[in-house]
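A.B. asks: What would the 3D arrangement of this be:
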Amino acid sequence: MFAAACLAALLAAAGRASGEGRAPWKFAGETRFPSMEAITGRVRFGDTTENAAWTLVLMADGELRLYQTYPLRTARKLGDFPDSTLAAVSRKGKYAVVAAREGVMCLPLDGGDPLGPLAVDPQETRALDVSDSGVAAVAARGRILLYDFPAGKALASAENSGTACRIRGEWAVFGTADGSVMLYDLKDGKRRFAVRVGVRQAVVGVDVTAKGDLAAAALERASGVLLLKGEDGAKSAVLEPEGVDFFPGRPILKDCALSADGAFAAASYAGKYALFDLFVNKITGVCSTENNVQGRIRIVGERPTIFCCRTLTFREHQGGVYNALPDTPTLDLTAPPDKLEGVRAICYAPKADVFVLFLQNGRIEKLAAGARKRTPLPFSMAKGEPAVAPGGKRVLVRLAASLWLLGGQRGKRTTVPLEDGEVLFGFCGDARFFAARGKKADFYDSRGKPVVSADLPFEPRFAEGLQGRALFADESGRWAVVSLPAGTVESGKLEMGEKAVVAGLSSGGALVVNGIEGSYYRPRGGEMERLFRLPLGRGMTAFAVSAAADWIAYRTQAGAFVREVKTARSMRLPQAADYSTPAFSRNGRKLYFYSPAGIAAFRR
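C.D. replies: This next block holds a predicted model:
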């Protein structure tokens, strides 16, 4: 009996230590926002993975980026490649290649060092692709090449003027200027077949299935897509456009594509796309494009979807209808700046318990916590770093050489000139605000007029505005409080361990991190008083402390957590996994994790 009681006590203690038991914080709902980004500016070329999860984009200025396709978000900036002409991503998103000024570069998307360059003139390169093992196919003037970048050797080459190439699975297919199609096995670099399909006609497009059992080719002055058997290159079928409703004139091919399983084929014409069902070898859909773009296409996704490498648009097959391809793209990754609905930045106003959303198109909207409907504010700003007053009625936006104060019923704008350099800024209540540059902090009234200036004993790294005062700190533990209206300064330095650093400010205090331990201090009577010390884990990226300093919410690489100060018990919040920044309401009864992607709310 005694042993059983002891075991029960130990189990209960273990449960408390691990955060199990009654959950004090309950999930109160989630609000998601539209995609944060859209691709603006001139696009030179794009490519997408087999499942369309990732899209590689080469801009006209040579910038190369990898995006999460939906919702659209920049995953990585891969570099700047001036004078580059083409780029491609492997089917599972493991490698990318780009025809750069120095030659063809191979970029491991797991973060490894770039491979290459392979000496090929980008202006001579006509087509480019790469496998998930890092083998690149290059079709260039006077040359076709299969090159294994990780091994640093060529698998195959031929002195033919390449005009098109594609890689899928363990197979690479090339098209040439003399009308030939060649299929290679990537495992050993051997050529399976080489057939002439055109007389004095260049092959402008090729593709192959994942198993290599079917290849497709498009000739420059032909209207029908050629299907070739994978074992010997024998002609299997010709997919001709049909129907006067779809093709009143004679269409000329610009490119072709196959689905990975060989069930569908697609053709690109001037201003039109066609999708063929290969089970019946007939057209299942045709669409017209808004602009007469003549570029490369792919078939991607579980439901056959045509991706255009020039316009970055997706058109998904709509089953069960007469024309299965929509004229309007199912998804368009580009948009003019005034049409962007995504959220570029978000701020929380604790006094009003509202969020202020800064949209890509310049609009600024207010969203009450827990509500669905947004209220537009009477001012706009399409760029700049924002801050919001506690009451949510005034906004500060930091631009290159000025600070803009937006507020009032008529959306009045006031500009405060700034010098170049790093500026810390924020509100000291609903009316006054500050801007700190170097060791000087300037305070302004609600009209943007200077009120008082204060000299700080150090150059701050962090700043937080409070009601009638502002707190400043640097990573070494130096701190200062400037009180209004006189601008008096109290300052000091925290006693910290050798490896301890100040991680940031929240609710009028500073959090010091030393390894996995966090200590929270608030100024009191000219000194910094430690209110708690708790284990927080490694790799903390954001945190918030409640006004009463009885809870701390934080984000690490392991997820989102909230910890009670009194019991040191922590709770993981899986619903906040997609959001980066925590914030408590003024009464400490609500907790939010938010980012431009949305808001997750919790109550206790």
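A.B. asks: wait, what's in contact with Gly518?
C.D. replies: Contact analysis of Gly518 by Cβ atoms under 8 Å, 6 or more residues apart in numbering lists 503, 511-512, 533-536, 540, 543, 552, 554. To be clear about C-beta, it is placed using only N, CA and C from the backbone, and glycine gets the same treatment.
A.B. asks: before we move on, what about Ala75?
C.D. replies: Per Cβ under 8 Å, 6+ apart, neighbours of Ala75: 54, 65-68.
A.B. asks: Which of the contacts of Gly518 sits closest to Phe193?
C.D. replies: Met540 (58.1 Å; Cβ to Cβ).
A.B. asks: Checking that closest one next. Helix, strand or coil?
C.D. replies: Secondary structure, DSSP: H, G, I helix; E, B strand; the rest coil: Met540 is coil.
A.B. asks: Buried subset of the contacts of Ala75, written for ChimeraX?
C.D. replies: The ChimeraX selection below is limited to those of the contacts of Ala75 classed as buried (16 or more other Cβ atoms under 10 Å):
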select :54,65,66,67
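A.B. asks: Phe425 against Ala463, yeah?
C.D. replies: Yes - in this structure, Phe425 is within contact of Ala463 by Cβ atoms under 8 Å, at 7.5 Å.
A.B. asks: neighbour-wise, which of these two wins?
C.D. replies: Taking neighbours as other Cβ atoms under 10 Å, Phe425 and Ala463 compare with Phe425 leading, 24 against 21.
A.B. asks: and that one, helix, strand or coil?
C.D. replies: When classified by three-state DSSP, Phe425 comes out as strand.
A.B. asks: quick one: pLDDT of it?
C.D. replies: Looking at Phe425, its pLDDT is 95.
A.B. asks: try Ala3
C.D. replies: With respect to pLDDT, Ala3 has a value of 43.
A.B. asks: and what of Thr556?
C.D. replies: 89.
A.B. asks: so how many other residues sit close to it?
C.D. replies: If we define neighbours as other Cβ under 10 Å, then Thr556 has 16 of them.
A.B. asks: Look up which residues are beta-bridged to it.
C.D. replies: Per DSSP bridges, the residues bridged to Thr556 are Gly559.
A.B. asks: how far away is it from Phe543?
C.D. replies: Taking Cβ to Cβ, to the nearest Å as the criterion, Thr556 is separated from Phe543 by 10 Å.
A.B. asks: and for those two, which residues touch both?
C.D. replies: By Cβ under 8 Å, 6+ apart, the residues touching both Thr556 and Phe543 are Leu536.
A.B. asks: Give me the common contacts of Phe425 and Ala463.
C.D. replies: Shared contacts of Phe425 and Ala463, counting by Cβ under 8 Å, 6+ apart, come down to 434, 436.
A.B. asks: which residue sits closest to Pro350, ignoring its sequence neighbours?
C.D. replies: Nearest non-adjacent residue to Pro350, counting by Cβ to Cβ, 6 or more residues apart in numbering: Arg586, 4.9 Å away.
A.B. asks: Where in this structure is the helix or strand with the lowest mean pLDDT?
C.D. replies: Scoring the helices and strands of the chain by mean pLDDT, DSSP states H and E places helix 2-18 at the bottom, with a mean of 39.
A.B. asks: On the C-terminal side of that helix, identify the next helix or strand.
C.D. replies: strand 26-32 (DSSP states H and E).
A.B. asks: one step back: so which of the contacts of Ala75 sit within helices?
C.D. replies: Judged by DSSP state H, these include no members of helices.
A.B. asks: Out of the contacts of Ala75, which is nearest to Ile283?
C.D. replies: The closest of the contacts of Ala75, once distances to Ile283 are taken by Cβ to Cβ, is Trp54, at 29.8 Å.
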